[in-house]
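# okay, sequence plus prediction incoming.
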Amino acid sequence: MELVSKKRLMLFAGRGHPELSEEIAKALSVPLGDVVLSTFANGELYCRYGESVRGSDIFVVQTHCEPINDRIVEQLIMIDAAKRASAKRITAVCPFYGYARQDRKAEGREPITARLLADLLTVAGADRVVTVDLHTGQIQGFFDFPVDHLTAVPLLASYQAERLGAGAEVTVVSPDAGGGKLARRFANHLADHGVRAELAFIDKRRPAGQHNVAVATEVVGVVRERHCLLVDDMIDTGGTVASAAALLMDRGAASVSILATHPLLSGPAVERLRAAPVREVVVTNTLPVPPEKRWPQLVVLSIAPIVAEALDAVFEDTSVSELFKGDNV
């Protein structure tokens with residue numbers, strides 16, 4: 001007896017960001033799979049697939065948004081259920097990977113929670129992870145299986161290049177010294193669109209032992225009378241970028257725009273960004289942005305086409321890096 005096996009792609013969505021999951025499904029031209037997700041009275045989570053997943057290539061989409069711990073556990077349960085239902089390969093799609101900032105010990109007696117989350121996904125049964133703009137690239141090394149690290153830099157740079165026009169002169173600013181690589185990649189993409197970009201970075205101070213507190217103290221680079229683009233991987237409480245924008249304007253910048261992949265927008269972020277001297281704040285929809293956190297200067301771009309193209313490449317066993325010309329490490 002000889003059988004010719006057929007590959008079947010099945011896409012399932014957690015409850016973290018259903019709008020993004022639907023956009024990805026539409027871009028892939030596949031329906032979202034039938035899965036029942038519910039919460040018991042005591043807060044425990046339940047999952048059951050409403051159709052057979054045996055022998056299928058399963059993609060479980062869940063961005064780690066608020067309430068972040070429930071979203072992570074829900075994805076783990078979905079992966080476990082798929083594994084026990086004999087799925088052939090399970091890919092955890094995490095547009096925003098939670099706990100990515102806890103990737104090392106900054107002080108004694110701290111955890112490395114990004115590694116712990118990697119271990120949880122592995123034990124649950126994931127065979128692969130797809131994510132977008134990790135806080136630090138070395139998190140990929142926490143896994144013993146492939147990680148497809150996508151980036152929103154081309155999307156953000158293309159949008160900004162259209163706004164500026166060919167021949168514009170700008171300064172790409174990193175809000176801290178550690179973001180120099182991201183700023184360089186952003187400047188290179190702008191150059192591909194005919195925009196001439198210089199680099200600068202902010203000297204930032206963060207008090208020891210305090211989270212979500214940072215103060216911009218000085219600018220290294222030429223910003224006077226130039227359009228400045230502050231680029232970062234995420235905006236959490238907005239303190240860093242708001243402080244950096246104010247400093248850039250004090251140093252004579254013509255204008256400041258903020259661009260970031262992940263809009264966490266926690267706590268006072270919206271109020272800080274509304275009050276900041278910025279022309280616009282451009283983010284992607286890796287995380288849901290509810291109506292109450294939107295304001296006229298906020299622009300939200302869809303990451304769905306990029307994620308869908310990568311998932312199609314994973315399913316077809318073709319190169320993901322070629323989609324980004326190797327710029328996604």
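Good, I have the coordinates.

# ok, which stretches of this structure are strands?
Assigned by DSSP state E, the strands in the chain fall at 9-13, 35-39, 45-49, 57-61, 89-94, 128-132, 147-150, 169-174, 196-205, 215-220, 227-235, 255-263, 280-284, 298-301.

# now those strands in a markdown table, with mean neighbour count, distance to residue 328 and mean pLDDT?
In short, each C-beta sits where N, CA and C put it, glycine included. Converted to a markdown table, the strands of the chain look like this (neighbours: other Cβ atoms under 10 Å; distance: least, Cβ to Cβ, whole Å; pLDDT from 0 to 100):
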| stretch | mean neighbour count | distance to residue 328 | mean pLDDT |
| --- | --- | --- | --- |
| strand 9-13 | 23 | 21 | 98 |
| strand 35-39 | 13 | 29 | 98 |
| strand 45-49 | 16 | 30 | 98 |
| strand 57-61 | 27 | 18 | 98 |
| strand 89-94 | 25 | 15 | 98 |
| strand 128-132 | 22 | 9 | 98 |
| strand 147-150 | 21 | 5 | 97 |
| strand 169-174 | 24 | 18 | 94 |
| strand 196-205 | 18 | 20 | 88 |
| strand 215-220 | 16 | 27 | 80 |
| strand 227-235 | 24 | 13 | 97 |
| strand 255-263 | 25 | 12 | 97 |
| strand 280-284 | 24 | 15 | 98 |
| strand 298-301 | 17 | 17 | 98 |
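
# which one of the ones you listed lies closest to residue 311?
When these are compared by Cβ to Cβ, strand 57-61 sits nearest residue 311, at 5.7 Å.

# next, the angle from the closest one to strand 89-94.
Angle, strand 57-61 to strand 89-94, by axes from the mean of the first three to the mean of the last three Cα atoms, to 10 degrees: 20 degrees.

# now strand 57-61, how far from the chain's geometric center?
How far strand 57-61 lies from its chain's middle: 18 Å, per Cα atoms, centre = their mean, to the nearest Å.

# now do it: which elements does it pack against?
strand 9-13, helix 18-28, helix 68-84, strand 89-94, helix 304-316 (3 or more Cβ pairs under 8 Å, 6 or more residues apart in numbering; DSSP states H and E).

# closest to residue 290 out of these?
Going by Cβ to Cβ, the one of the helices and strands packed on strand 57-61 nearest residue 290 is helix 18-28, 10.8 Å.

# so which elements touch that closest one?
strand 9-13, strand 57-61, helix 304-316.

# great, nothing more from me.
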